[in-house]
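Asks: Requesting a structural model of the entry that follows:
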Amino acid sequence: MQRGCRAIDAAGRLSMGIRMRVGLIGAGWVTQHHLRAWAAVADRAEVVAVADPSQEAREARMRTFGIPQGFADAEEMLASLDLDAVDIAAPRAHHVALVERAAARGLPILCQKPLAPTLAEAEALVAAIGPDIRLMIHENWRFRACYRTIAAWLRSETIGAPFAARLSLVTSGMLLDANAVRPALVRQPFMGGERRLLVAEVLIHHLDVLRMLFGPLEVAACRLGRICPDLIGEDTAIIQLHGVGGLAVQVFASFSAPGHRAEAVDRLEVLGTRGSIVLDGDTLRRTGAEPCEHSYDLAEAYQGSYDATIAHFVARLADGQPFETAPDDNLKSLALVEACYRLAALEESRR
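Replies: Coordinates of the predicted model:
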């Protein structure tokens, strides 16, 4: 393995007092949030190059964020520059090859979720690169401030033992709006071509959050549907999960719900033996012996999740401790995704 790093030592740790040189792979919509997050840790790291086959996209990111170099090909960037880490934010179909290329150079890797399009591909990738490569999956939803607060409340047993939870994500984003466009596809056009859509691209976040909050989960049943005719994959899902101690969890989601706004806003209700927790968009409430309420600016909270994810990556490189979303953890979320599609196909075959 080659290692041309200045800021990362042989043990994969970030040296004190030296700014890490980061190469960003991808210049799509989501990378604006990555780059704002990297700017928030500018004392420890700097993005020195961006690679994307779209000249327009990569030059736009270079101008806006002051990135000095751009490449049409990720391999050219990796071969040309003395990097300390890579941030992979390319489409998921390219994740495996890009992780392999960065790992071949011994670089620490932050890779957008999902690590691979399927669980089998992700497991094979993790086995191939081995345990010595520092790899973190960019699963930012669990780093949202509201979910970190809920996790702390559950750990403190303020509401007692949770016995039921329901998470819903209901929007009209895939329906035609007043301008005869589908807002969700305007925001992220690639969704129109994904065969595995709502669960693999969106609800993977929520399944990961539920695992973070409640521990091990098992998918008991799943029904998927497609309402929007412009999609290949599913835009509606109902998932039933079982947790420790008889916990029952339901995920109810649709991106084609008439009468709802186009923006995706989470709603989570947790029932405990001594109280309850309700997250409803920008408001988080707790009932019981110690009631309280918090409000969030949704735009700030969204960017804040990227900030916290990338800050965690940098911090764990500095102290050598495991990443919270290391492959061994993230594969468990991918296993839930895989179970959803398997059970939905089984259910469909019975109809």
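Asks: Okay, strands next: where are they in the chain?
Replies: In the chain, the strands defined using DSSP state E lie at 20-25, 45-51, 69-71, 85-88, 109-112, 135-138, 162-170, 217-225, 236-243, 248-254, 266-272, 276-280, 283-286, 292-295.
Asks: Kindly reformat those strands as a markdown table containing mean neighbour count.
Replies: C-beta coordinates here come from the backbone N, C-alpha and C atoms, glycine included. Shown next, in a markdown table, are the strands of the chain (neighbours: other C-beta atoms under 10 Å):
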| stretch | mean neighbour count |
| --- | --- |
| strand 20-25 | 26 |
| strand 45-51 | 24 |
| strand 69-71 | 18 |
| strand 85-88 | 26 |
| strand 109-112 | 26 |
| strand 135-138 | 25 |
| strand 162-170 | 19 |
| strand 217-225 | 18 |
| strand 236-243 | 20 |
| strand 248-254 | 20 |
| strand 266-272 | 20 |
| strand 276-280 | 18 |
| strand 283-286 | 17 |
| strand 292-295 | 11 |
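Asks: Now tabulate those in a markdown table and tack on distance to Leu210 and mean pLDDT.
Replies: Formatted as a markdown table, these follow (distance: least, C-beta to C-beta, whole Å; pLDDT from 0 to 100):
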| stretch | distance to Leu210 | mean pLDDT |
| --- | --- | --- |
| strand 20-25 | 29 | 98 |
| strand 45-51 | 31 | 98 |
| strand 69-71 | 38 | 98 |
| strand 85-88 | 25 | 98 |
| strand 109-112 | 20 | 98 |
| strand 135-138 | 16 | 98 |
| strand 162-170 | 7 | 98 |
| strand 217-225 | 6 | 98 |
| strand 236-243 | 7 | 98 |
| strand 248-254 | 6 | 98 |
| strand 266-272 | 9 | 98 |
| strand 276-280 | 12 | 98 |
| strand 283-286 | 16 | 98 |
| strand 292-295 | 20 | 96 |
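Asks: Which one of these lies nearest to Ala180?
Replies: Proximity to Ala180 (C-beta to C-beta) singles out strand 248-254 among the strands of the chain, at 20.5 Å.
Asks: Check which strands are paired with that closest one and give the direction for each one.
Replies: strand 162-170 (parallel), strand 236-243 (antiparallel) (DSSP bridges).
Asks: could you check the angle strand 276-280 makes with the longest one?
Replies: Calculated by axes from the mean of the first three to the mean of the last three C-alpha atoms, to 10 degrees, strand 162-170 forms an angle of 10 degrees with strand 276-280.
Asks: Check the offset of strand 162-170 from the chain's centre.
Replies: Mean C-alpha position of strand 162-170 versus that of the full chain (C-alpha atoms, centre = their mean, to the nearest Å) differs by 19 Å.
Asks: Could you do the shortest one as well?
Replies: The chain centroid and the centroid of strand 236-243 are separated by 19 Å, computed with C-alpha atoms, centre = their mean.
Asks: Redo the strands of the chain as CSV? Include distance to Val314.
Replies: Shown next, in CSV, are the strands of the chain (distance: least, C-beta to C-beta, whole Å):
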stretch, distance to Val314
strand 20-25, 7
strand 45-51, 6
strand 69-71, 21
strand 85-88, 9
strand 109-112, 9
strand 135-138, 10
strand 162-170, 30
strand 217-225, 30
strand 236-243, 32
strand 248-254, 32
strand 266-272, 27
strand 276-280, 28
strand 283-286, 27
strand 292-295, 27
